[in-house]
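Below is the structure, and that's it, no one-letter string:
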(Lines give C-alpha, C1' and ligand atoms only; values in the text may rest on other atoms or scores of the structure.)
Protein backbone atom coordinates (compact mmCIF):
# COMPACT_ATOMS: atom_id res chain seq x y z
CA UNK A 1 0.00 0.00 0.00
CA UNK A 2 2.80 2.43 0.83
CA UNK A 3 4.63 1.59 -2.39
CA UNK A 4 1.42 2.23 -4.33
CA UNK A 5 1.03 5.62 -2.65
CA UNK A 6 4.68 6.50 -3.35
CA UNK A 7 4.19 5.39 -6.95
CA UNK A 8 1.26 7.78 -7.33
CA UNK A 9 3.15 10.62 -5.65
CA UNK A 10 6.31 10.27 -7.77
CA UNK A 11 4.98 11.83 -11.02
CA UNK A 12 3.45 14.70 -9.05
CA UNK A 13 6.69 15.23 -7.16
CA UNK A 14 8.76 15.11 -10.35
CA UNK A 15 6.49 17.66 -12.05
CA UNK A 16 5.82 20.06 -9.17
CA UNK A 17 8.46 19.41 -6.53
CA UNK A 18 5.71 18.68 -4.03
CA UNK A 19 5.37 17.32 -1.49
CA UNK A 20 8.57 18.89 -0.25
CA UNK A 21 8.97 16.22 2.42
CA UNK A 22 8.02 12.57 2.64
CA UNK A 23 8.26 11.05 6.12
CA UNK A 24 8.53 7.26 6.28
CA UNK A 25 7.97 6.02 9.81
CA UNK A 26 9.04 2.41 10.41
CA UNK A 27 11.17 2.77 7.26
CA UNK A 28 12.87 -0.58 7.82
CA UNK A 29 9.50 -2.17 6.94
CA UNK A 30 8.90 0.05 3.89
CA UNK A 31 12.39 -0.23 2.37
CA UNK A 32 13.90 -3.33 4.00
CA UNK A 33 17.41 -4.53 3.28
CA UNK A 34 15.93 -7.34 1.17
CA UNK A 35 14.52 -4.74 -1.27
CA UNK A 36 16.47 -4.94 -4.51
CA UNK A 37 16.15 -1.30 -5.64
CA UNK A 38 13.50 1.03 -4.26
CA UNK A 39 13.63 3.19 -7.40
CA UNK A 40 10.82 5.44 -6.23
CA UNK A 41 12.92 6.63 -3.32
CA UNK A 42 16.24 6.93 -5.12
CA UNK A 43 14.99 8.69 -8.29
CA UNK A 44 14.30 11.90 -6.31
CA UNK A 45 15.94 11.20 -2.94
CA UNK A 46 15.84 14.67 -1.44
CA UNK A 47 13.28 15.54 1.19
CA UNK A 48 12.77 12.00 2.48
CA UNK A 49 12.93 11.37 6.22
CA UNK A 50 13.49 7.75 7.26
CA UNK A 51 12.42 6.98 10.83
CA UNK A 52 13.49 3.58 12.11
CA UNK A 53 14.55 1.70 15.20
CA UNK A 54 16.63 -0.66 13.03
CA UNK A 55 18.78 1.40 10.62
CA UNK A 56 20.90 -1.65 9.84
CA UNK A 57 17.80 -3.16 8.22
CA UNK A 58 17.29 -0.36 5.65
CA UNK A 59 17.90 -1.12 1.98
CA UNK A 60 21.52 -0.36 1.11
CA UNK A 61 20.41 1.60 -1.98
CA UNK A 62 18.84 4.33 0.19
CA UNK A 63 21.89 4.76 2.43
CA UNK A 64 23.80 7.03 0.00
CA UNK A 65 20.78 9.36 -0.11
CA UNK A 66 20.90 10.01 3.66
CA UNK A 67 22.47 13.39 4.42
CA UNK A 68 21.82 13.79 8.15
CA UNK A 69 21.31 11.32 10.97
CA UNK A 70 19.75 11.86 14.38
CA UNK A 71 20.15 9.08 16.94
CA UNK A 72 18.82 8.86 20.46
CA UNK A 73 19.02 6.38 23.32
CA UNK A 74 21.69 4.64 25.32
CA UNK A 75 23.42 3.23 22.25
CA UNK A 76 23.07 6.28 19.97
CA UNK A 77 26.81 6.50 19.42
CA UNK A 78 27.18 2.76 19.00
CA UNK A 79 28.93 2.50 22.36
CA UNK A 80 26.56 0.16 24.19
CA UNK A 81 26.90 -0.52 27.88
CA UNK A 82 29.12 -3.53 28.41
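Yep, it's here. Please read all numbers here as calculations on a predicted model, not as lab measurements. Numbers count the residues shown, from 1 in each chain.

host element of the residue nearest to the spatial centre of the chain?
The structure's the chain has its C-alpha centroid closest to residue 50; by C-alpha atoms, centre = their mean the separation is 3.7 Å. Element membership of residue 50 [criterion: DSSP states H and E] is strand 48-51.

for the chain, what helix or strand is lowest in average pLDDT?
helix 39-43 (a mean of 62; mean pLDDT, DSSP states H and E).

Longest helix of the chain, counting residues only.
When the chain is parsed with DSSP state H, its longest helix is helix 2-16.

Just the buried residues of that one, please?
Neighbour counts over helix 2-16 (16 or more other C-beta atoms under 10 Å) mark 6, 10, 13 as buried. In this view, the C-beta of every residue, glycine as well, is placed from N, C-alpha and C.

helices and strands around that helix, which ones?
Packing contacts for helix 2-16, counted by 3 or more C-beta pairs under 8 Å, 6 or more residues apart in numbering; DSSP states H and E, involve strand 22-25, helix 39-43.

if you set the cut-off to 7 Å instead, what comes out?
When contacts are defined as 3 or more C-beta pairs under 7 Å, 6 or more residues apart in numbering; DSSP states H and E, helix 2-16 packs onto helix 39-43.

picking up where we left off before, now do the strand holding residue 50: which elements does it pack against?
With contacts taken as 3+ C-beta pairs under 7 Å, 6+ apart, strand 48-51 sits against strand 22-25.

how far does the strand holding residue 50 sit from the chain's center?
Chain-centre distance of strand 48-51: 4 Å, with C-alpha atoms, centre = their mean, to the nearest Å.

out of the buried residues of helix 2-16, which one sits closest to residue 25?
Using C-beta to C-beta, residue 6 is the member of the buried residues of helix 2-16 that lies nearest residue 25, at 13.6 Å.
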